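> generate coordinates for the sequence data below:
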Amino acid sequence: MSEQIYGIHAVKSFLDVAPERLIEVFVLKGREDKRLTPLLNELQRLGIQVQQVNRQALDNKAQGEVHQGIIAKVIPAKELNEGDLDQILDRKANPFLLILDGVTDPHNLGACLRTADAAGVDAVIVPKDKSAQLTSTARKVACGAAETVPLIRVTNLARTMRELQERNIWIVGTAGEATKSLYQVKLTGSIALVMGAEGDGMRRLTREHCDQLVSIPMAGSVSSLNVSVATGVCLFEIVRQKLA
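Residues are numbered from 1 along each chain as shown. Prediction:
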């Protein structure tokens, strides 16, 4: 089994964090690019096979994805589960978690992973069903964060949330109808932020398992933000409070 990743940034990030999982790389024949040359030199230094191919062959391999003249064939990462989450939590004094309940768009998953990495999140938790897969699109949008932030798929999200609460992790969910805003509540210590699906928000059972609900104050005419933007707003308010 292998997967493909596309684009200079995605391949470079993969090379930085998981070079042992790179199988081979295909590049556009004759492409001169000051960003591409050092990357190709590093791949060759590590003994990773680089094949020069024409544009049609590369486009065919890409199957509609934007490849920027480079595609890498890689060994997929092992899917992480509840057991891996327990190991992460055992190592962390004040865990900082992000739970995505029903985010089904790979672009949004990738963007949330990228933001989670920037904010210092220890793990992103998603339910096994009704959740975007870590596709090549998600990896490309994540800009390398898909290799650095653990993505944990759990069978029963409500049960996982109860187990987090047993570990004294405070669970904060986002909901438009919440009476308190993000900026009115204490968001420090061990914390898990729950973001709902695009449009529908959190499922009822997920909402019921939150310790607190908060909203993002909205001043304009739109009623909600894209989930990855909202995730960034919330995560960095938690970061601000932790630093303060």
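
> residues in contact with residue 95?
Listed by C-beta atoms under 8 Å, 6 or more residues apart in numbering, the contact set of residue 95 reads 88, 89, 122, 123, 167, 169, 190, 191, 192. No exception for glycine: its C-beta is placed from N, CA and C like everyone else's.

> per-residue pLDDT of the most centrally placed residue in the chain, please?
Among the residues of the chain, the one closest to the centroid is residue 113, at 2.0 Å (C-alpha atoms, centre = their mean). Residue 113 carries a pLDDT value of 96.

> tell me the contacts of it?
Applying C-beta under 8 Å, 6+ apart, one finds that residue 113 lies in contact with 124, 138, 142, 145, 146, 149, 151.

> filter the residues you listed down to just the ones in helices.
Within these, residues falling in helices by DSSP state H are 138, 142, 145, 146.

> thinking again about what came up before, and the residue nearest to the centre of the chain, what are its phi and psi?
Backbone dihedrals for residue 113, given as degrees, to the nearest 10, come out at phi -60, psi -40.

> try residue 157
phi -60, psi -40.

> how many neighbours does it have?
As a burial measure, residue 157 scores 26 neighbours (other C-beta atoms under 10 Å).

> if I read this right, residue 153 contacts residue 127, doesn't it?
Yes: Residue 153 lies in contact with residue 127 (C-beta atoms under 8 Å); the separation is 7.3 Å.

> wait, residue 147 touches residue 11, no?
No: using C-beta under 8 Å, residue 147 is not in contact with residue 11, being 11.2 Å away.

> these two: who's more crowded?
It is residue 11, of residue 147 and residue 11, that has more neighbours when counted by other C-beta under 10 Å, with 26 against 20.

> which element, helix or strand, includes the more buried one?
Using DSSP states H and E, residue 11 sits in helix 8-17.

> please save the CA atoms from that helix in PDB.
Taking C-alpha atoms only, helix 8-17 is exported to PDB below (Å, rounded to 0.1, in the frame of the first residue of the first chain):
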ATOM      1  CA  ILE A   8       7.100  21.200  -3.200                       C
ATOM      2  CA  HIS A   9       6.000  22.300   0.300                       C
ATOM      3  CA  ALA A  10       4.200  19.000   1.100                       C
ATOM      4  CA  VAL A  11       7.200  16.900  -0.200                       C
ATOM      5  CA  LYS A  12       9.700  19.000   1.700                       C
ATOM      6  CA  SER A  13       7.700  18.800   4.900                       C
ATOM      7  CA  PHE A  14       7.400  15.100   4.600                       C
ATOM      8  CA  LEU A  15      11.200  14.800   3.900                       C
ATOM      9  CA  ASP A  16      11.900  16.800   7.100                       C
ATOM     10  CA  VAL A  17       9.700  14.700   9.400                       C
END
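
> show me what counts as buried in it.
Residues of helix 8-17 classed as buried by neighbour count (16 or more other C-beta atoms under 10 Å): 8, 9, 10, 11, 12, 13, 14, 15.

> can you check stretch 56-70 too?
For stretch 56-70, burial by neighbour count (16+ other C-beta under 10 Å) applies to 58, 62, 65, 67, 68, 69, 70.

> name the residues that touch it?
With C-beta under 8 Å, 6+ apart, stretch 56-70 has contacts from 4, 6-8, 11, 25-28, 31, 33, 36, 39, 53, 71, 136-137, 140.

> mind doing that once more with 7 Å?
Applying C-beta atoms under 7 Å, 6 or more residues apart in numbering, the set of residues contacting stretch 56-70 from outside is 6-8, 11, 25-28, 31, 33, 36, 71, 136-137.
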